[in-house]
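Novice: For reference, the sequence and a predicted model appear below.
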Amino acid sequence: MAASPSLTSPSTPPTTNRALLAWVEETARLTKPDRVVWCDGSEEEQHRLLQEAVAAGVLIPLDARKRPSCYLHRSNPNDVARVEHLTFICTPTRAEAGPTNHWMVPDEAYRKLGALLDGAMRGRTMYVVPYVMGPLGSPFAKIGVEITDSAYVVLNMRIMTRMGRPALAMLGDAPEFNRGLHSTLDCNPERRFICHFPQDNTIWSVGSGYGGNVLLGKKCLALRIAGYLGRREGWLAEHMLILGVESPEGQTTYVAAAFPSACGKTNFAMLIPPKRFEGWRVWTVGDDIAWMRPGPDGRLWAINPEAGYFGVVPGTSLRSNPSAMRIMERHTIFTNVALTPDGDVWWEGIDDEPPDGLVDWQGRPWKRDSGERAAHPNSRFTAPMVNNPVLSRQANDPEGVPLSAIIFGGRRATTIPLVLQSFNWVHGVFLGATMGSETTAAATGKVGVVRRDPMAMLPFCGYDMGEYLAHWIRMRGAIAYPPKLFMVNWFRKGAEGGFLWPGYGENMRVLKWIVDRSLGRVGAQETLVGWVPREGDIDLSMLNLRAGQFAEATSVRPEEWLAELESQQELFDLIGATMPSPLRLQRDMLIETLRAVAGSGAPS
Ligand code: OXD
Ligand code: MN
């Protein structure tokens, strides 16, 4: 979308960094924009870009009293989600990308996308967006520069990252930074490619305007490219939230957690403890991505590389996530939600009745009985983390926070207990590597099928999955005091089909057991597949569980686990030769053990 020339300030480069200047020049020669604008991240710049985006119809301002400084963006209806089938890892060999990624030879990708980018910004503004992933000045932080022809991208990057002058100041004259190039082109799925060049620390994204495909600091840099850098440099880039659990005595314990989509990750990152847990607080450090490094003290330390949230809106309500509702009250860009006649936004699951005169996410009048959704199921909010009423004071700490526990979670109706502690690091890596989640109606395809999603990283692992899991195992050698590893499942169902656990805020009870286990303060029951809490180990008061319900929720049934382990064969076959042998042996050992005890009549 061309920005109005009258409002766009001309821009001279605010840097003398030779590598950066040369790359910007080279990119402008390729894309041939009408003008180049260096973004400084200032309020004046934001104000100007917002004005331009409103004038161009890219953003609709919302009512200033109901949603101060909030805007609605409607994307092209063909461009509403990440496109895994058009996302490529471009490494010299197919083996480096591995069997779980789409692969393109780098030269071919540069040629193919280069042809599409040739002259792509004619008539448009080329924005140069320097940004930092991680707290400013953090030794963990990485610098990227995104060149884009989308003002929507610039405005979102300003929320999601530390963007502009501070990034250039941190970069100085260094030649090493992530080079991200994005053009919306004509937003045609036939000309849509998201290509990563890990060896070149480069990302090229064309043909899309959707967040996960174009906010290049997020999934592309902070997970796929960072994962590759992390293996080289000895750290981990993970699809994990980070939270701090504060006890009434003021002791805070930090936990990271990986969940595939539609498992309540954002809600967990902002959990409000129930009444029974008066005095306990949960603080959000991050809701989506964790970069984790061994510290000099032998613990594993984590930062959230992002500065904002790009969250799914539908289903968010004062009941499910009051903090997220507060976050979206101001300074928020909504994408693909419905618009009310009084300039507010609406979505399915907000709990208020839809008002008359609602306009759907495509800008059409919404009819109550049409059966169609008013907001797109993947509609999003982009909001700064400082809006979060439960933001951790450590969220900006350049050193990050020390982790006591890491949790892997999925949506499973059977087999997986409410919570399970691994016997040790490698066993925990095995649990994370084989985690699965049942598909939900939110995605196309059959509902209720278990999709294996190692560490919730299937779409985000920037190199061979087996090598990635081997890196996880190797990291143990660098962490003298590793966090304890757990698996959780809020979604197990009983014989009658109802959920065995109430979920939401009540997950605090499980979180407290996890914290207590990590600090060695509470007991557990050993089973053949890990440790689970006994009734007395976890606070179940004021919950009204029926007799036997908790035992059912935490039960480990050998026949179910045998089937579970056998069904992992497909994953092991897919990953193939690079699947680390410690994980193969974990699986074989558990299968053999379960077979040996089967029929013995002994409890698990
Ligand atoms: C996200 C995702 O947008 O995981 O965070 O898809
Ligand atoms: Mn995510």
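Specialist: All right, it came through fine. Numbering: from 1, shown residues only. Ligands and ions are numbered 1, 2, ... in the order given.

Novice: going forward, measure contacts and count neighbours with C-alpha atoms only.
Specialist: Fine.

Novice: Now do the contacts for the closest residue to ligand 1 within the stretch 51-200 of the chain.
Specialist: In the stretch 51-200 of the chain, no residue comes nearer to ligand 1 than Arg82, which is 6.9 Å away by Cα to the nearest ligand atom. Residues in contact with Arg82 (Cα atoms under 8 Å, 6 or more residues apart in numbering) are Tyr210, Gly211, Gly212, Asn213.

Novice: thinking in terms of the whole chain, how far from its middle is stretch 225-242?
Specialist: Relative to the centre of its chain, stretch 225-242 is centred 13 Å away, using Cα atoms, centre = their mean, to the nearest Å.

Novice: Give the buried residues for that stretch.
Specialist: Buried residues in stretch 225-242, counted by 16 or more other Cα atoms under 10 Å: 225-231, 234-242.

Novice: what does that stretch contact?
Specialist: Identification of contacts with stretch 225-242 by Cα under 8 Å, 6+ apart yields 196-198, 201, 222-223, 254-259, 265-266, 269, 284-294, 302, 304, 455-457, 460-463, 468, 471-472, 475.

Novice: What remains of these if I keep only buried residues?
Specialist: 196-198, 201, 222-223, 254-259, 265-266, 269, 284-294, 302, 304, 455-457, 460-463, 468, 471-472, 475.

Novice: which among those are in contact with ligand 1?
Specialist: Asp288 (Cα under 6 Å from any ligand atom).

Novice: any idea of the mean pLDDT in the lengthiest helix in the chain?
Specialist: Scanning the chain for the helix with the most residues, using DSSP state H, yields helix 581-597. Per-residue pLDDT values over helix 581-597 give a mean of 97.

Novice: which residues are contacting it?
Specialist: Helix 581-597 has contacts (Cα under 8 Å, 6+ apart) with 426-427, 429-430, 528-529, 558-559, 561-562, 565-566, 572.

Novice: same check, this time on stretch 427-443
Specialist: The contact list for stretch 427-443, computed with Cα under 8 Å, 6+ apart, reads 260, 262, 377, 408-413, 421-422, 445-456, 469, 472-473, 485-487, 568, 571, 583, 586-587.

Novice: and it, is it in reach of ligand 1?
Specialist: No - figure legend: stretch 427-443 not in contact with ligand 1 (Cα under 6 Å from any ligand atom); closest approach 11.3 Å.

Novice: just the strands in the stretch 251-400 of the chain please.
Specialist: Here the stretch 251-400 of the chain has its strands, by DSSP state E, counting those that start in this stretch, at 252-258, 281-286, 290-294, 300-303, 308-312, 333-335, 338-339, 345-346, 380-384.

Novice: actually the stretch 101-250 of the chain, sorry about that
Specialist: 102-103, 125-133, 142-148, 162-163, 178-183, 193-197, 202-206, 236-238, 240-246.

Novice: Reformat the ones you listed as CSV; add mean pLDDT.
Specialist: Listed next are the strands of the stretch 101-250 of the chain as CSV, based on pLDDT from 0 to 100:
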stretch, mean pLDDT
strand 102-103, 98
strand 125-133, 98
strand 142-148, 98
strand 162-163, 98
strand 178-183, 98
strand 193-197, 98
strand 202-206, 98
strand 236-238, 98
strand 240-246, 98
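
Novice: right, so of those, which gets closest to Asp34?
Specialist: Closest of those to Asp34 is strand 125-133, at 5.9 Å (criterion: Cα to Cα).

Novice: Within its sheet, name the partner strands of the closest one and how each one runs.
Specialist: Strand 125-133 sits in its sheet next to strand 35-38 (parallel), strand 142-148 (antiparallel), strand 162-163 (antiparallel), going by DSSP bridges.
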